[in-house]
Each structure stands twice: as C-alpha cells, then as structure tokens.
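[1] Dropping a prediction and its sequence here:
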Amino acid sequence: MAQLITEAYTDRPALDVAVSAAILERVARGELPETIRIARPGAMVAFGKQDKASPWYVEAAAAAREQGFEAVHRLAGGRAAVFHDQTVAFAWARPEEDPWPGTHDRFREIAGVLERALRSLGVDARTGEVPGEYCPGDYSINARGETKLVGLGQRIIKGASHIGGVIVVGGADRIRDVLVPVYDALGLDWEPRTSGSVEDEVGPTPFEDVTAAIRRELGDPEEAELEPETIALAEQLEPEHLG
C-alpha cells in the first residue's frame, strides 16, 4: 500500500525537488514503501536537462527570477515547467525490479488517474498533447483538446520509477507571464494561449477539492510524515537542484 506525503518546502524550492529525489532513492533501496506526494509548491520554474544544456540557460533562469519564480533543476524529463501556489505538485515513486519496460504503461496509468480526477470536477479532460503547448508531451492532460492543464515527466533508476507532474488549478496567467520570457530566452516556440487551468474550465475551485479528487482516484492512500532520513538525504541532494 502506498503512503502519501503532503509536506512541501515552499520557501526552498530546490529542497522541495530534492525531497522527491530522496524519496525515489530510498524507495529504490527498499527503505521506503511506494510513496506518493501531493503538495502545494512554492513559485518555481523547473528546468530540464535540455534547458540546462542551452547556451541561454543563464538568461532563462534570470528571466524566471525576475518574474518572482525560483529556478530549479527538475527531477523528471521535459522542458521548463512552472509551479506556483495555485498548482498541485504530484510525484509517485514506486519500487520496480525492472522499471525500464513499463515506461508507457506508467504514463498511461497516471494520466488516466488524473484525467478521471479532473472529469469528476466537471472538466472536459483528455489525454494528449495540445499543439503549441509548453513542455509538450504525449501524456499531458488538456481541456477540450485546447489548453494544457497537466504536465507529466518520468525518471527511472535502478530499482524504482518516478512520475512527477504539475496540475494547474488556477493562475494560468502567471504561467504565461513567466514562460514567455523564459521560453524566449531558450529560443523555444510555444503558444501562450494553450496554458489553461481547472478554474478556467469550471470556475473557482478550491485547491483541496482537486487534491481530494486525485486522492480518491488513487484509492485514498494513508498519509504519512517525511522521515528524518529522507529530509537529511534531501538536504544533501539540494545543491544538485539549485538553478
């Protein structure tokens, strides 16, 4: 049975990412059970490996900070994605004896969970990439085939898999405002109109309603606290995720 963690380090975004990295490592070593995080994050732009390799990365990170978002290095793959206090940060680490063959199966599974959760709130949620979306992916969740609401990424290590993502409850305008200069700096094309939110679709929606819908679809996992060993490991890993 999976355990659920809801704690977040909103004032230290890089540590918050490092917590998920620490959980993944400890799950892989058999020190933790299957672990899901559903949390309210701080304001950050999470850059992927391709972004960090860009000759314009420093300018992109500076553009993020100018908009009030910390620059961090994301755990899973993909391009720059945005988190803020009107989004849900999601992460799922589970032990896998041989995690490599199941990549698409895991994506389909969690995309289905999140699609059903959003549909239960009245959103016309669908799985698939919207042309022109930021951080494009086949397993993004969109509304009406027009605006992106959820982005997902995956990381695999020996002994475990991790799927992480962001669900936009509100504040799609904040995502557009920060990604326009960030993507301009990186030389990436996208259509700002494709950035959407749950509230754009069904009106004012409490953050807690969205997280409750996700938890129901996951079978209401039992909530647990972060162990001191996990926090200590995350603090060691934090520098790797500083942007």
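    It's in.
[2] From here on, just use CA atoms for contacts and neighbour counts.
    OK.
[3] which SS class is the residue most central in space within the chain?
    The chain has G165 as the residue nearest its centroid, 2.4 Å off, counting by Cα atoms, centre = their mean. The three-state assignment at G165 reads strand, by DSSP: H, G, I helix; E, B strand; the rest coil.
[4] and it, what pLDDT?
    G165 is assigned 95 on the pLDDT scale.
[5] give the contact list for it.
    Contacts for G165 (Cα atoms under 8 Å, 6 or more residues apart in numbering) come out as 89-91, 150-153.
[6] Let me have those residues in a markdown table, extended by secondary structure.
    Output for the contacts of G165, formatted as a markdown table (three-state DSSP):
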| residue | secondary structure |
| --- | --- |
| A89 | strand |
| F90 | strand |
| A91 | strand |
| V150 | strand |
| G151 | strand |
| L152 | strand |
| G153 | strand |
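[7] Please indicate which of those are buried?
    Listed as buried from these are 89-91, 150-153; burial here means 16 or more other Cα atoms under 10 Å.
[8] Can you show me the strands along the chain?
    3-5, 35-39, 44-47, 70-73, 81-83, 87-95, 125-127, 141-143, 147-157, 160-168, 222-223 (DSSP state E).
[9] of those, which approaches A185 most closely?
    Proximity to A185 (Cα to Cα) singles out strand 44-47 among the strands of the chain, at 12.6 Å.
[10] contacting residues around the closest one?
    Applying Cα under 8 Å, 6+ apart, the contact partners of strand 44-47 are 13, 64, 69-74, 78-84, 243.
[11] again, only this time at 7 Å
    13, 64, 69-74, 79-84 (Cα atoms under 7 Å, 6 or more residues apart in numbering).
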